[in-house]
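Visitor: quick check, what structure comes out for this input:
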Amino acid sequence: MTAGTSPIAVHRDDDGEILGYLLPTTAGWQPMTVFAAALAGPSDFEQAERVLRNDGMSCLSDVWWIEHEPGEWREARIQEARPDGLRVWWADPMSEQSPHGQWIDPRAVTVQRHRP
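Guide: All right, here's what the predicted structure looks like:
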């Protein structure tokens, strides 16, 4: 595969669960979560696939940062992830939120693993 082709879904071997996607870029293959957040920088195909197999699911339990409003980043824990939605629990104990978390659209905000 070369840059310009479609993203490739990477599935867990034992049950077929999608771990994430490999997105072709001019710099190599970018490992992406199921909700299109980068897990690491671009690399060769094998290394990017290894990142997804090692971190694709386990990274969901990490702290994530969401640009809730332009320039306003909030720390969150992901409770559920889909390509079109994330159910998150805000880390700020003063945030008013449902005990079930809040659904956000990851396509409408910036979501990243590292503190901005």
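Visitor: where do the domain boundaries of this protein fall?
Guide: Annotated domains of the chain cover 8-59, 62-112 [automatic domain parsing].
Visitor: redo the ones you listed as JSON lines? Include mean pLDDT.
Guide: As requested, those are exported to JSON lines (pLDDT from 0 to 100):
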{"stretch": "domain 8-59", "mean pLDDT": "96"}
{"stretch": "domain 62-112", "mean pLDDT": "93"}
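Visitor: mean neighbour count added to those, as a markdown table?
Guide: C-betas here are computed from N, CA, C, even on glycine. Output for the domains of the chain, formatted as a markdown table (neighbours: other Cβ atoms under 10 Å):
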| stretch | mean neighbour count |
| --- | --- |
| domain 8-59 | 17 |
| domain 62-112 | 14 |
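Visitor: run a quick check on Arg115 versus Trp65, I expect a contact.
Guide: Yes. If you go by Cβ atoms under 8 Å, Arg115 and Trp65 touch, sitting 5.8 Å apart.
Visitor: what's the overlap in contacts for these two?
Guide: The contact sets of Arg115 and Trp65 overlap at 73, 75 (Cβ atoms under 8 Å, 6 or more residues apart in numbering).
Visitor: this protein: strands as residue ranges?
Guide: 8-11, 18-25, 28-32, 63-69, 72-82, 85-90, 102-104, 111-112 (DSSP state E).
Visitor: quick one: strands adjacent to the shortest one?
Guide: In its sheet, strand 111-112 lies beside strand 63-69 (antiparallel), with partners assigned from DSSP bridges.
Visitor: got it, and the first one?
Guide: The sheet places strand 8-11 alongside strand 18-25 (antiparallel), with pairing taken from DSSP bridges.
Visitor: what about dumping the CA coordinates of the strand it pairs with to CSV?
Guide: Listed next in CSV are the C-alpha coordinates belonging to strand 18-25 (Å, rounded to 0.1, in the frame of the first residue of the first chain):
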residue,chain,number,x,y,z
ILE,A,18,-11.4,-3.3,15.6
LEU,A,19,-8.3,-2.0,17.4
GLY,A,20,-8.0,1.1,15.2
TYR,A,21,-6.9,2.1,11.7
LEU,A,22,-3.7,2.6,9.8
LEU,A,23,-3.9,5.8,7.9
PRO,A,24,-1.6,6.2,4.9
THR,A,25,0.3,9.5,5.0
